[in-house]
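# The sequence isn't on hand, but the structure is:
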């Protein structure tokens, strides 16, 4: 997915992976070939310092990467050699889950492992997307991700990894500083070290072998964190009855408590067409609102939550504004941005009641996001909304299945029939 995203943006096409003499080549849909050694290095920050969604790497490394690496051939590159050194790929090829009949996923995906993943997500300054991923995975098991418990962890777990957008470094600096094993060692008793990994080891054994790199400053101690609280906070209020998320570690401190006038965009298309219009009535103190960008409304909940600063404000030097939506956002993005507002506007959520000029209050310390309109007026607006129906794009086939069964962000945006309990 990362390679596809990179090549789509830089070469205008998706890729088909195929072997080559030196390792791997990517055959593009437009008939061109690119060397994956170079492209992969660019994507993963080996040549150019391009950040990637770090929560995905860390969670995979913590739980799954060791088995995954055993199925990949990267060619004889330095990248492959590093993976072999880090994860002992040859050993893992002999002991893959399919051959050893275990451990089963149910033996690894335990309450302790889910809690550990949430601790790591908070400590690395991870992506808000990670919370949706974890929720979906947990819902397919007997376990659940409790958003309130996740928020409580965020008050206890500091950000220890000095990595963009919360800090200054890049992925390769985190890797060379000791990576996830070193981070877990620094987290100490915040991690359940008796949890098993996919190799059969416990995290205690993994942490015991964590590399100590003198002079590194990418992984801090708990006594010297990047941020005193975790990366993310869960918000509630009359705009988000079932919750919303903000990556507070990548937000502007002065905007974490803010009241401003709503500037509303009805859809991603509407936002794209109007946000840079010189005639747009907007100031730096306003709150940009994007709706109909959630799981059903978009559809598919795209990473559209990183609303651009209107061009006329950006030219005046504005770097950040409060922005809210029912969409997602890339883990590499900086800004005071409230995401995953649930329920989304397309299913009757209160984001659909906001009008231009309404006042919106954000208070991250109080974990609140509220529309400052009296309840009687909101009831009038709610009564005037058109009833939610099946959109034209979802009348038949897979689109119909998707629209009828997709869950909201607080439930992982998965199909309802894929949960452990079934539909």
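Arrived safely, thanks for sending. Owing to the predicted nature of the structure, the values given are computational and were not obtained by experimental measurement. Numbering: from 1, shown residues only.
# longest single helix anywhere in this protein?
helix 111-123 (DSSP state H).
# which strands and helices sit next to that helix?
On a contact count with 3 or more CB pairs under 8 Å, 6 or more residues apart in numbering; DSSP states H and E, helix 111-123 meets helix 54-63, helix 129-139, helix 147-156, helix 179-187. For every residue, glycine as well, the C-beta is placed using N, CA and C.
# Can you add distance to residue 224 and give those helices back as TSV?
Shown next, in TSV, are the helices and strands packed on helix 111-123 (distance: least, CB to CB, whole Å):
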stretch	distance to residue 224
helix 54-63	20
helix 129-139	24
helix 147-156	17
helix 179-187	10
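# need the least confident one among those, by mean pLDDT.
Looking at the helices and strands packed on helix 111-123, the lowest mean pLDDT belongs to helix 54-63 (a mean of 44).
# contact partners of stretch 301-319?
129, 252, 265, 268, 271, 275-276, 278, 280, 282-284, 288, 290, 293-295, 298, 320-321, 323, 325-330, 333, 335, 337, 339, 409, 413 (CB atoms under 8 Å, 6 or more residues apart in numbering).
# where are the low-confidence patches of the stretch 101-250 of the chain?
By pLDDT under 70, the stretch 101-250 of the chain has no low-scoring segment.
# quick one: the longest helix of the chain to chain centroid distance?
In terms of CA atoms, centre = their mean, to the nearest Å, the centre of helix 111-123 is set 14 Å apart from its chain centre.
# Contacts for that helix, please.
55, 58-59, 62-63, 126, 130-131, 134, 138, 143, 145, 149-150, 153-154, 157-161, 180, 183-184, 187, 190-192, 194-196, 203, 230-232.
# Can you turn the buried part of the residues you listed into a ChimeraX selection?
Of the contacts of helix 111-123, the buried ones go into a single ChimeraX selection, burial set by 16 or more other CB atoms under 10 Å:
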select :55,58,59,62,63,126,130,131,134,138,143,145,150,153,154,157,158,159,160,161,180,183,184,187,190,191,192,195,196,203,230,231,232
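# any idea of the mean pLDDT in stretch 300-308?
pLDDT averaged over stretch 300-308 gives 95.
# in it, what counts as buried?
Quick answer for stretch 300-308 (16+ other CB under 10 Å): 301, 303, 304, 305, 306, 307.
# Against residue 166, how distant is the last one?
For residue 307, the distance to residue 166 under the criterion CB to CB, to the nearest Å works out to 20 Å.
# same deal with the third one?
When CB to CB is applied, the distance between residue 304 and residue 166 equals 22 Å.
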